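With the sequence up front, the predicted model follows.
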Amino acid sequence: MPDTVTELAEMGKALSPEERSRLVDLLLESLHEAPASEVEAAWAAEIESRLAAHDRGEVEAVEAERVFAEASRIAR
């Protein structure tokens, strides 16, 4: 069975240093794409859940000024 990763690495070695650097950057970026989209999806679901709870009257909205004032008090 061929080792695709090894084959790709060998092909990559034939590239110029600039092309290899670009390839590395693209591969590294691809490692961060899936988790970011998963995190965004999780936040979207959380937002929908919180809005629905607010609409049902299960939670009360708090004014931003009050939240920031309390955060400042706690931080002191």
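Good, I have the coordinates.

ok, which stretches of the protein are helices?
Listed in chain order, the helices of the chain (DSSP state H) span 4-13, 17-55, 64-75.

So what's the residue count around A64?
A total of 8 residues lie near A64 under the criterion other CB atoms under 10 Å. Where C-beta positions appear, they are placed from N, C-alpha and C, glycine not excepted.

For the lowest-mean-pLDDT helix or strand in the chain, buried residues please.
For the chain, counting by mean pLDDT, DSSP states H and E, helix 17-55 ranks last in confidence among helices and strands (a mean of 90). Within helix 17-55, no residue counts as buried by 16 or more other CB atoms under 10 Å.

now the angle from that helix to helix 4-13?
For helix 17-55 against helix 4-13, the angle by axes from the mean of the first three to the mean of the last three CA atoms, to 10 degrees is 130 degrees.

Who are the packing partners of helix 17-55?
helix 4-13 (3 or more CB pairs under 8 Å, 6 or more residues apart in numbering; DSSP states H and E).

measure S37 to W43 for me?
11 Å (CB to CB, to the nearest Å).

Mind listing the shared neighbours of these two?
Common neighbours of S37 and W43 (criterion: CB atoms under 8 Å, 6 or more residues apart in numbering): none identified.

I'd like the distance between E7 and R20.
From E7 across to R20, the span is 16 Å (CB to CB).

what's the answer for A9, then?
10 Å.

same deal with L8?
From L8 to R20 the distance is 12 Å (CB to CB).

next one: E29
On the measure of CB to CB, E29 and R20 end up 15 Å apart.

again, but for E40
Going from E40 to R20 by CB to CB gives 31 Å.

can you check A64 too?
49 Å.

Can you give me the end-to-end span of stretch 7-26?
End-to-end distance for stretch 7-26, by CA to CA, to the nearest Å: 18 Å.

Might you calculate how far it sits from the centre of the chain?
The chain centre lies 26 Å from the centre of stretch 7-26; the measure is CA atoms, centre = their mean, to the nearest Å.

go on, stretch 56-71?
Averaged C-alpha coordinates place stretch 56-71 at 26 Å from its chain's average position (CA atoms, centre = their mean).

Could you tell me which residues within that stretch count as buried?
For stretch 56-71, it's none, nothing buried (16+ other CB under 10 Å).
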